[in-house]
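Asker: Predicted model follows, preceded by the sequence.
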Amino acid sequence: MELVGKKAPAFTLRDTDEKNVSLKDYLGKWVVIYFYPKDNTPGCTVEACEFTDEFAGFEKIGATVLGVSKDSSASHQKFREKYNLKVRLLSDPDAHMMENYGAWGKKMLYGRMFNGVKRSTVIIDPSGKVVHWWKAVKAKGHAALVKKKLLELQG
């Protein structure tokens, strides 16, 4: 499956405050969606904190950052409060959205195959098209890399 150059798959998910968030809410804006395995785990915490550290920079260049995992809104709320996160976190308990974005599927860990979240990120342009896709992400330093790519894409 290739996402780049295609219309971003539509979604409606709940955020930390149990509010519905849809892709169509962001039409006309740059959107960064990063998919991560689990709240309060080391890599996911690093990634969320780095996106929070870069938050003002993303706002300055007109981009919204959304984090998505299977965790519940309540779990996201605790995670947000514990680390004072500014990124909007969305709950995809059935992994339907993650599947549509290639962020859910077979993974191998310690020789065991299972379905899980693939740490990945997409950038969606103001017209609603996916313009960049990181299929495998290292948490540390990723937010700065995304911001750099966004600036490049915005020309």
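Answerer: Good, I have the coordinates.
Asker: hey, let's count contacts and neighbours off CA atoms from now on
Answerer: OK.
Asker: other SSEs contacting the helix or strand of the chain with the lowest mean pLDDT?
Answerer: None of the helices or strands of the chain scores lower by mean pLDDT, DSSP states H and E than strand 104-109, at a mean of 82. Packing partners of strand 104-109 (3 or more CA pairs under 8 Å, 6 or more residues apart in numbering; DSSP states H and E): strand 112-117.
Asker: For the strand it packs on, which residues meet the burial criterion?
Answerer: 116, 117 (16 or more other CA atoms under 10 Å).
Asker: which strands and helices sit next to that strand?
Answerer: Using 3+ CA pairs under 8 Å, 6+ apart, strand 112-117 is in contact with strand 104-109.
Asker: Mind listing the strands the strand it packs on pairs with, and their directions?
Answerer: strand 112-117 (antiparallel) (DSSP bridges).
Asker: Could you point out the helix or strand that follows the strand it pairs with?
Answerer: Next in sequence after strand 112-117, counting helices and strands by DSSP states H and E, comes strand 120-124.
Asker: right, and the helix or strand after that following strand?
Answerer: Following strand 120-124 in sequence, per DSSP H and E, is strand 130-134.
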